[in-house]
Structure formats: C-alpha cells, structure tokens
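Colleague: My questions concern the predicted model and sequence given below.
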Amino acid sequence: MQDNLKSSSYQQLEQKSKYTNMFLRWFLYFVLIIFASYFIFPLYVMVVTSLKTMEEIRQGTLLSWPSGLNFDSWAVAWGGRGYGAGDTFLKPYFWNSIKMVVPAVFFSTFIGAMTGYVLTKWRFKGDSWVFLFLLFGCFIPFQAILLPMARTLGALGISNSIVGLVLVHTVYGIPFTTLFFRNYYVSVPTELVKAARIDGAGFFKIFFKILLPISAPIIVVTIIWQFTQIWNDFLFGSTFSFGEAAPIQVALNNMVLSSTSVKEYNVDMASAIIAGVPTLIVYVLAGKYFIRGLTSGAVKG
Amino acid sequence: MKTLKIEDLSKNFGSTEVLRKINLEIDEGNFLVLLGPSGCGKSTLLNIIAGLETINEGNVFIDDYNVSKVEPKDRNIAMVFQSYALYPSMNVRENMIFGLKQAKTSKEKIEQQLEKVSKFLQVDQLLERKPSQLSGGQRQRVAIGRALVREPRIFLFDEPLSNLDAKLRVEMRREIKKLHQQLKTTVVYVTHDQTEAMSLGTRIAIMNHGVIQQNDTPENIYNKPSNTFVADFIGSPSMNLIKGTLKESSGEISFTASESNFEIPVKGYEFKEKSNLNNKEVFFGVRPEHIYFKKSNESDFEVSLRADLSEYIGHEQIMTFDYANQEILAKFPSTIKIELAKETKLYFDLTQTSLFDAKTKERI
C-alpha cells in the first residue's frame, strides 16, 4: 500500500518536471526566434528591396514580398546604366578593393607570422617590451594617425594610390596578426625548434619547414580577420584615396550620396550587398576554422 | 681523451644563478645520468652541452675540442626530448632523415642509415605515418631513431620517459638500457626519477641548486652518499638521519642520539678522517631496508623501538618507529606482523650506515 502511494507520488513529480521542462524549452525557442529575427530583419529588407522595381518600392511596404526575381538593380549597381558622365558603378572599385586587399592581407599575415615566430621561438632581451609596444598598435584609434600617415605617404610618393593603401593596411594589420601568431606559437613546444637546430636547420628553414606547415588554423583566422578589416575599411580608403583609386566602400558611399534626382533604393541596396558579399564568402568558406583557430590559439592543446 | 669534458661552467639567467662551477668528465661509452629535483639546473646543463644555451663562464669540450662557441649541428651530438619533438607535418621517414638531409648526406647513405635504424628500432612498418598517428611508445622510438641515424658521438636525453605511462616507462627504460649495451655509445641522460637513474646509469651526477653534489657509480651513490642531500634524495623511503653526537673512549667510537643514552658502536665505519671525532655533532644514517626484524649479521645492532605507524603497500610494509623522539622508518616484508604502540626488537645493519657532519652536512 505504501509502495503504491510512493510510486504514484513519484509519477506526479515526474509529470510536473516534464511540464516545467517543456515550458522552459518553448520559452527558450521563443526568445531565440525573437533575437534571430531582430538580427536577420535588416538583411531581409536589403535583399527584398534590391529585388523590387522603384514602382513596387513606392507602392508597397518595407516588408512586402517582391513580385519576381528582378536583378535589374544589381546589374545597374555593378555595371552602371551605360551613359557617360556622373554614372558611378561598383565594378572598377570592386577590383580596386581586390587589388588592395589581396597583397595587404598577404603581407600583413606573413609579417605577423614571422614576428610571432621570433617573439616566441627566438627570444631576445626586451622581447616582451617589443610585443607590448606592438600591442599598443591594436588600441591606437586610427583617426589619430591619419595626418602623419598622409605625410608619410606623400613623402613616399604613393598617396592616392592602391600601393599606398596596401602599405597602410599592412602596417596597421601587423599588431593584430602578430598577436594571433604569437599566441598560437606559444603553444607549439619550443623543443621542436631545438630539435631542428640540432638537426642543422636554420632560422628560415625552421619557419618554413616546421612551423608554417602546422599553422593552417591560425593562418585562416588571420586571413579572415584581415580580409574583413581591410575590405570593410572606409576611413583609410576615404582619407588616402579618391576618384579612380578608391576602394569599394568609398565608391559605395559616393554612389549612394551623389544620386541627384530620385533615391534609387533598390540600386543602393544591391550595391551594399555586393560590397558586403566577399567577406561573407570568406567567412562561410573558412568560418569553421575561425572558431577552431581562435580557441586553439588562446588555449593550450 | 675524454669524450665530454665540462670545465668550471657557470650559467645565470639574469640575476639567478642556474649552474655554479660545474666540472664533469665522461669517458667513451659511459652512460651518465644527471639526476636532481626540478629546478636544479640539470636540463640547462644538457642544453648547454647541446649548444642550445649560451655559457656565461667555463668551457665544454667534446673529444678534447673546445665546442663552447660551436653551433649545435656541428657538435656531433643528437638529442631526444621529453615531448619527443617530432616534426608534426612530416612523416616518420622525413622526421628521421631531416638531419641527414640538412647535412647534405648522399642519398644512398641516407637510405642505408634509415633502413638500418628503422629495422633496429622496429619502426620500419611505420615510415609513412605522421607522428599524430603513432602511440606514445612508437613516438619515443622514432625520436630515438632520429637521433641514431646521425651516428653522433654523444646522445643527449632530456627526460625522455616522463611523458609515458608507468608500464610503458619501464619497458622503454629496458629498451634504452639494451640500446646502450648494444651500441656502447656515450650518453648523457637527464631525469628526476631515481629508479631510472639507478637502473640506466653507469655513472650518476646528482645535482641540487646548480651544483653537482656527487658524481659516482650507482652503487656508491646508494651506499656511500657524500652528503645528506644525496642520502635523502636517493632511496624510497629515504635514509633515516638520526641526530646525535659521537663519543670516543679508549679508541672505541660510538654514536649516541640526542635525548637518549644508549650507544651505537661505529667501530666498523670507514671514516674519511679519524681525528677530532669526540663530541662531534653528526647525523647517523641508516636506510629503512637496512633495519631488520631478525638478526642476520654478527655485527647487527639490537634496539627496542616502539612502532607508531604502519603503511601497507602490498609486497612490503613501511613502519614508523620512535627512536628517542626521532621518527625512523623501516621496511619489512608484509608477512611480518608488528603490533603498534609496543616495543619491538629491531636490528640495525652497521655495515650499511653513513655518518654526516651535522654542520657541513658532508659525509665524514
């Protein structure tokens, strides 16, 4: 009799806990959905608007579905309308950005890897000070160095050129890339370097043959980081370049602001998406490594 | 000609002295173990021999040639590391021949060496594998193989077994011993494990605070420790050191522990110097395994002690006794039954004792 009583009360408790769990679960999903929509809403508006005609935009609401897949505004954003003066479109600036971002990412990553290697595996007197000062570079607001940098570029004769922008981005990428590589190489046993030295490998051989082949995760992290930073940069681009030499973000700004007659929201939205797509692609392709690389750099093992 | 000779070597990192006036010599074919607690400078000494650390003072000679300023690769040495330090991106074959390739050895010679060594170490089936696909023991073998293919004058081992589990460690220890017996190469081996040191070394140098405490054969290290540090460091449990004074009366020397009045005769003891012994403050050292339950030698000294504590460890038991308010430990087979809190008759083996000066801590 007592056993029965006991088991029935346990059943009640079981039921109760089941309902509580269910309620909490639904509540959790509810909150998650709200936040997800909050984040996805702007993207939705951008995509939808870029696919509408101006007519639809004027008549419909912000959220309304487009009548069909109409990529006309994308074509205009990318290649222009074909008439002469005043027609700004993204294509040439897109290539400007590519020409800027590829060498800048390459050089800053390579130099960061080298510095990280030296700071961890070839320790010298005062190396921690060097690292500390390099870290300052991560915290200096970029506005503070605009004027000196403009003078430097002028003195070097590369102002208003893509080469100049490559230099600026490489220099200001080095603190970050060094930080990444240093933290990664700290967890690589120094005994590897010792073994290689006994085997007769020199400074560069050890770097290229032993450390670089195991650096894939952190290289991916650095590339994503640098690519995103440099591609999305507006400040340096707008300060150190104008006209033909401008990167895509500057061109996007000019395009959206300089429309004289009617605001073509669909073209503006398409342009903004085009300008944002490359970083998305890089992240989608390598995002898995991004998380893995970040943690493997920070945590040992 | 000494294969390795170290002369008045000193090393500091900033203001911390790591090694002080180290002098060391090794003959061809010897297996020298550098043994000491962590932070005693043994690994630094090994790195200096390898040329991976710079020297502040003193010199290192290999085959009578001063190599103090010679690059690691030109010293004709090879090293095996604690973490194995196999190159992660290369397979076993590439790992093993990396050094030979750097030295621009001919292809035939490389292949020949690789085949010989990989067969010898039984890693010839693993040549195409990456280090991450190997077990701990296999990695260790490859690391040794990488050192072997270069046919160096001196092998340096930096705690090579401490990353292995207990069972594998014993196995690999035997293999290294076999290896040394077959190849008769000169080895310098760093460890903090006394069993490893005892079983492998033909000579052991015990280090503490950057100074070599004793450099001797394993037998002498165990039987005749040169100071209380060595006496305490070697042996498990370590040697009992009973504080007391020496008494000399009509040529007979005896030891009396403080707070007690019975005398232990030490006439059989080989003193380094037989003068000024009367009233000398000393430590009387006897190992737990040299305290017997049954009288086994004529010279054994009989005492009655109270047992305070018993630790059972399977094949043996460690008992703690009270000797004139000083704790002493003794080791017996676990078959012997000893009652706690009761006086038990025990026998000290007086042929196996040590005496140390209480002030200098040196053996007298």
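Modeller: Looks like it arrived, so ask away. Numbers count the residues shown, from 1 in each chain, chains lettered A, B, ... in the order given.
Colleague: Tell me which residues of stretch B:120-127 come out buried.
Modeller: B:Phe120, B:Leu121, B:Val123, B:Asp124, B:Leu126, B:Leu127 (16 or more other Cβ atoms under 10 Å in any protein chain shown). (Glycine included, C-beta is placed from N, CA and C.)
Colleague: Contact partners for the second one?
Modeller: Translated: B:Leu121. For B:Leu121, the contact set (Cβ atoms under 8 Å, 6 or more residues apart in numbering or on different chains) comprises B:Arg141, B:Val142, B:Ile144, B:Gly145, B:Leu148.
Colleague: hang on, the earlier thing: now the buried residues of stretch B:120-127 in JSON lines, please, with extra columns for pLDDT and secondary structure.
Modeller: Shown next, in JSON lines, are those (pLDDT from 0 to 100; DSSP: H, G, I helix; E, B strand; the rest coil):
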{"residue": "B:Phe120", "pLDDT": "89", "secondary structure": "helix"}
{"residue": "B:Leu121", "pLDDT": "90", "secondary structure": "coil"}
{"residue": "B:Val123", "pLDDT": "90", "secondary structure": "coil"}
{"residue": "B:Asp124", "pLDDT": "90", "secondary structure": "coil"}
{"residue": "B:Leu126", "pLDDT": "93", "secondary structure": "coil"}
{"residue": "B:Leu127", "pLDDT": "93", "secondary structure": "coil"}
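Colleague: A:Pro217 versus A:Leu179, what's the distance?
Modeller: To A:Pro217, A:Leu179 is 15 Å away according to Cβ to Cβ, to the nearest Å.
Colleague: Kindly report the same for B:Gly137.
Modeller: 28 Å.
Colleague: between the two, which one's more packed in?
Modeller: A:Pro217 (20 against 16; other Cβ atoms under 10 Å in any protein chain shown).
Colleague: Tell me which helix or strand comes right after the host helix or strand of the more buried one.
Modeller: For A:Pro217, the host element (DSSP states H and E) is helix A:216-232. On the C-terminal side of helix A:216-232, the closest following helix or strand by DSSP H and E is helix A:235-240.
Colleague: which secondary structure elements does that next one contact?
Modeller: Packed against helix A:235-240 by the contact rule (3 or more Cβ pairs under 8 Å, 6 or more residues apart in numbering or on different chains; DSSP states H and E) you find helix A:146-156, helix A:162-186, helix A:248-258.
Colleague: Mind putting these into TSV with mean neighbour count, mean pLDDT and distance to chain B?
Modeller: Shown next, in TSV, are these (neighbours: other Cβ atoms under 10 Å in any protein chain shown; pLDDT from 0 to 100; distance: least, Cβ to the nearest Cβ, whole Å):
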stretch	mean neighbour count	mean pLDDT	distance to chain B
helix A:146-156	14	92	37
helix A:162-186	22	94	13
helix A:248-258	19	85	37
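Colleague: Quick check: which ranges of chain A have low pLDDT?
Modeller: A:1-6, A:82-87, A:259-261, A:290-301 (pLDDT under 70).
Colleague: Got the domain ranges for it?
Modeller: As given by automatic domain parsing, the domain ranges for chain A are A:2-79, A:91-298.
Colleague: returning to that earlier point: and of the buried residues of stretch B:120-127, the nearest to B:Ala330?
Modeller: B:Leu121 (43.3 Å; Cβ to Cβ).
Colleague: list the contacts for the residue in the stretch 151-300 of chain B that chain A sits nearest to?
Modeller: Across the stretch 151-300 of chain B, the shortest distance to chain A (Cβ to the nearest Cβ) belongs to B:Asp158, at 7.9 Å. By Cβ under 8 Å, 6+ apart, the residues touching B:Asp158 are A:Glu191, B:Ser43, B:Leu46, B:Asn47, B:Met79, B:Val80, B:Phe81, B:Gln82, B:Val190.
Colleague: hmm, try it at 7 Å
Modeller: Going by Cβ atoms under 7 Å, 6 or more residues apart in numbering or on different chains, B:Asp158 touches B:Ser43, B:Leu46, B:Met79, B:Val80, B:Phe81, B:Gln82, B:Val190.
Colleague: avg pLDDT for the helix or strand where the first one lies?
Modeller: Secondary structure from DSSP H and E places B:Ser43 in helix B:42-50. Mean per-residue pLDDT for helix B:42-50: 94.
Colleague: Now the helix or strand just after it: buried residues?
Modeller: Next along the chain after helix B:42-50, taking DSSP H and E as the criterion, comes strand B:57-62. Neighbour-count burial for strand B:57-62 flags B:Gly58, B:Val60, B:Phe61, B:Ile62 (criterion: 16+ other Cβ under 10 Å).
Colleague: can you list those residues in TSV and add distance to chain A?
Modeller: Listed next are these as TSV, based on distance: Cβ to the nearest Cβ, whole Å:
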residue	distance to chain A
B:Gly58	21
B:Val60	15
B:Phe61	18
B:Ile62	14
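Colleague: Please identify which two of the residues you listed are farthest apart in space.
Modeller: So, the buried residues of strand B:57-62 by Cβ to Cβ: farthest apart are B:Gly58 and B:Ile62, at 14.2 Å.
Colleague: And the lengthiest helix in chain A, what does it pack against?
Modeller: Looking across chain A with DSSP state H, the single longest helix is helix A:2-50. Where contact means 3 or more Cβ pairs under 7 Å, 6 or more residues apart in numbering or on different chains; DSSP states H and E, helix A:2-50 is packed against helix A:265-298.
Colleague: And the helix it packs on, what does it pack against?
Modeller: So helix A:265-298, by 3+ Cβ pairs under 7 Å, 6+ apart, packs with helix A:2-50, helix A:54-59, helix A:72-79, helix A:162-186, helix A:216-232, helix A:248-258.
Colleague: what do you get if the cut-off is 6 Å, keeping everything else the same?
Modeller: With contacts defined as 3 or more Cβ pairs under 6 Å, 6 or more residues apart in numbering or on different chains; DSSP states H and E, the packing partners of helix A:265-298 are helix A:2-50, helix A:72-79, helix A:216-232, helix A:248-258.
Colleague: Tell me the helices and strands packed up against the shortest one.
Modeller: Helices and strands in packing contact with helix A:72-79 are listed as helix A:265-298; criterion 3+ Cβ pairs under 6 Å, 6+ apart.
Colleague: hmm, try it at 10 Å
Modeller: helix A:2-50, helix A:91-121, helix A:265-298 (3 or more Cβ pairs under 10 Å, 6 or more residues apart in numbering or on different chains; DSSP states H and E).
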